[in-house]
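> Model the following, please.
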Amino acid sequence: MNAYVNQYQNNQILSASPEQILIMLYDGAIRFCRQAQLAMEQENRKVQAEKISRAMAIVCEFSNTLNHEVGGDIAADLDGLYGFMSRELTRANLQNDRKALETVENLLTGLRETWVEAIEINRGGAQQVAKTEPEVRHVAAAF
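Next up is the predicted model:
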């Protein structure tokens, strides 16, 4: 890759919010699943294994960063889902199973969409608080 592209990507990551990084990671894992499927079609086992490994690294990172104390049942459910994805990615690589890759890609796509919706809902709530905050200060100043 060209040095300018690398610098651009580094700047993009360094300036991203945690939410944006999460979505970028989902995009990367989905992209790696698709690239692994293409490599599987082309019978390129080396690229297939590399792309599956990269998708697996992201899925493992998702699992490792779950906060079970705060997340409770949702974190436990996500952990189980990430474990399933890891097993499916392993199976896809060992058994040359395209269906397993498609399953993981579909799960990742669904989770990504859910996170995007949750982020939008959270932003809406934060904007609502920001809109009402000046009014609260004004009322508080009156007393």
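
> Tell me where the model's unsure across the protein.
In the predicted model of the chain, residues 1-2, 4-15, 125-143 satisfy pLDDT under 70.

> Grab the most central residue of it for me.
residue 26 (2.8 Å; C-alpha atoms, centre = their mean).

> what about the residue lying closest to that residue once chain neighbours are set aside, which SS state?
Ranked by C-beta to C-beta, 6 or more residues apart in numbering and with sequence neighbours excluded, the top spatial neighbour of residue 26 is residue 112, at 3.9 Å. Bear in mind the C-beta positions are built from the backbone N, C-alpha and C, glycine included. Here residue 112 is recorded as helix under DSSP: H, G, I helix; E, B strand; the rest coil.

> Could you tell me how far residue 112 is located from residue 124?
Counting by C-beta to C-beta, to the nearest Å, the separation of residue 112 from residue 124 is 19 Å.

> Looking at the two, which is more packed in?
Each of residue 112 and residue 124 has its neighbours counted (other C-beta atoms under 10 Å); residue 112 has more, 17 against 10.
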